[in-house]
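J.: Sequence plus the predicted model coming up.
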Amino acid sequence: MLSEGKDLEDVVRQQVEVNRLQVLPVLLGHTLRVARLPLHHRDPFDRLLMAQAMVEGLPLLSADPALRVYRVEVIW
């Protein structure tokens, strides 16, 4: 539960709708791209996000400077 007494799932669903966000599912191509990434960064979740950005041709929003060594636009 969030401090406001709201369920996290409800809050996330509401924010997706209000902000017109598109949820990007994890696809087979994303997971296969993870396997080809150099090990500059070892966090598996960050590596998956990086692979998704690469496959989809999207920038990645992150404050982690270690991700800047990959060939993808990092915003923040």
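T.: Ah, there it is.
J.: State the distance from the spatially most central residue of the chain to residue 35.
T.: Centroid check for the chain by Cα atoms, centre = their mean gives residue 49 as the closest residue, at 3.8 Å. Using Cβ to Cβ, to the nearest Å, we find residue 49 at a distance of 15 Å from residue 35. C-beta here means a position set from N, CA and C on the backbone, and glycine is covered the same way.
J.: what's the helix or strand in which residue 49 is found in contact with?
T.: Using DSSP states H and E, residue 49 sits within helix 44-56. Residues outside helix 44-56 that contact it (Cβ atoms under 8 Å, 6 or more residues apart in numbering) are 24, 26-27, 29-31, 33-34, 37, 41, 58-60, 62, 64, 67, 70-73.
J.: model confidence over that helix, on average?
T.: The average of the pLDDT scores along helix 44-56 is 96.
J.: how about that helix as CSV, C-alpha atoms only?
T.: Provided in CSV are the C-alpha atoms of helix 44-56 (Å, rounded to 0.1, in the frame of the first residue of the first chain):
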residue,chain,number,x,y,z
PRO,A,44,20.1,-7.8,-15.1
PHE,A,45,17.1,-5.4,-15.0
ASP,A,46,19.1,-2.5,-16.4
ARG,A,47,20.5,-4.7,-19.1
LEU,A,48,17.0,-5.7,-20.1
LEU,A,49,15.9,-2.0,-20.3
MET,A,50,19.0,-1.3,-22.4
ALA,A,51,18.2,-4.2,-24.8
GLN,A,52,14.6,-3.0,-25.1
ALA,A,53,15.8,0.5,-25.9
MET,A,54,18.2,-0.8,-28.6
VAL,A,55,15.7,-3.2,-30.2
GLU,A,56,12.9,-0.6,-30.2
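J.: I am finished for the moment; much appreciated.
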